[in-house]
Every structure is written in C-alpha cells, then in structure tokens.
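Chemist: got a structure for you, letters missing:
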C-alpha cells in the first residue's frame, strides 16, 4: 500500500484549476466521482456522470442536490483517488483514466488510437504520483490533461 502522507484528508489535496459554477446535468453525481461534458447550452459549463471507462474530464468536489445546481469541479490539481477494484495496479508516472465501477485504472500501454486525440473516445484523467500495490489503494493523482 502507498504511504498516505495526508491520512486525515480525502479528496482534494491541492487546487490547480477548479471551476466552481459547473451546471449539474443530473443528480446522480456524487462528491469524489468523475464527470464528463454534459449537455451544451449557451452560457454554461455543463457536466454529467462519467460512467464509461475513459469518459472523465474532472472530479466532482460537491454533489448537487437538484439538477441545474452549480457545483465545483476540479479539472487540474492533486487529488487522493482510489485504484479501481478491477484491473492491474498502477506505477508512479503512469497515465490513469476513470474506470466504469468508480476509482481509476492505469493505461498499461498507451493506446493512442483509443484516445480522443487519435479518433477514439477515451480521455486521460491524470498521472499517478504514487504506486499502488493492491486494488482499493488510495494514492495521489495529478488530475489534468497531461498531454
């Protein structure tokens, strides 16, 4: 298990770029969960739940009570996140993306054609700043579009 240098703190460790007024397209968004771009509309930054692997572009900092509520989303910064319960462990420096069952998974082999940049549908959520030794480990992740 990775050393937890912030045992009394979960979630956001350090802000880099947070938008505090994202429009919640649904109420099933949970704090600490992942979001993707929601329904576009003039004058708003809309987000909704990122349910599929590689959908996420940010991490929710506060769950909405009602649809349409403005909520903060971390798009860049350091977060304490949990290794998914499926897949391999993650090594420091590896790119990670959200998994379909909460948590994150690493990108073992850079499959660039699977990324949006290469015509695919997946996004890099960030980069691991620590190594996991088992599924369920919490580590620090630099959330943001690293490339």
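Modeler: Noted; the coordinates are in hand. This is a predicted model, so every value here is computed, not measured.
Chemist: and the host helix or strand of residue 142, which strands flank it?
Modeler: Assigned by DSSP states H and E, residue 142 falls within strand 138-143. Paired neighbours of strand 138-143 in the sheet (DSSP bridges): strand 70-82 (antiparallel), strand 126-128 (antiparallel).
Chemist: Just the mean pLDDT for the last one, thanks.
Modeler: Averaging the model's pLDDT scores along strand 126-128 yields 90.
Chemist: Begin at 126 from now on, thanks
Modeler: From this message on, residue numbering opens at 126, which makes the last subject strand 251-253.
Chemist: neighbouring contacts of that strand?
Modeler: 204, 215-221, 231, 264-269, 271 (Cβ atoms under 8 Å, 6 or more residues apart in numbering). For glycine as for every other residue, the C-beta is placed from the backbone atoms N, C-alpha and C.
Chemist: Residue 209 touches residue 227, doesn't it?
Modeler: Yes - in this structure, residue 209 is within contact of residue 227 by Cβ atoms under 8 Å, at 7.0 Å.
Chemist: neighbour count winner among the two?
Modeler: residue 209 (23 against 14; other Cβ atoms under 10 Å).
Chemist: In contact with that one, which residues?
Modeler: Per Cβ under 8 Å, 6+ apart, neighbours of residue 209: 224, 226, 227, 228, 229, 230, 260.
Chemist: measure it to residue 228 for me?
Modeler: As judged by Cβ to Cβ, to the nearest Å, residue 209 and residue 228 stand 4 Å apart.
Chemist: picking up where we left off before, mean neighbour count and distance to residue 178 added to the strands paired with strand 263-268, as a markdown table?
Modeler: Converted to a markdown table, the strands paired with strand 263-268 look like this (neighbours: other Cβ atoms under 10 Å; distance: least, Cβ to Cβ, whole Å):
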| stretch | mean neighbour count | distance to residue 178 |
| --- | --- | --- |
| strand 195-207 | 20 | 15 |
| strand 251-253 | 23 | 15 |
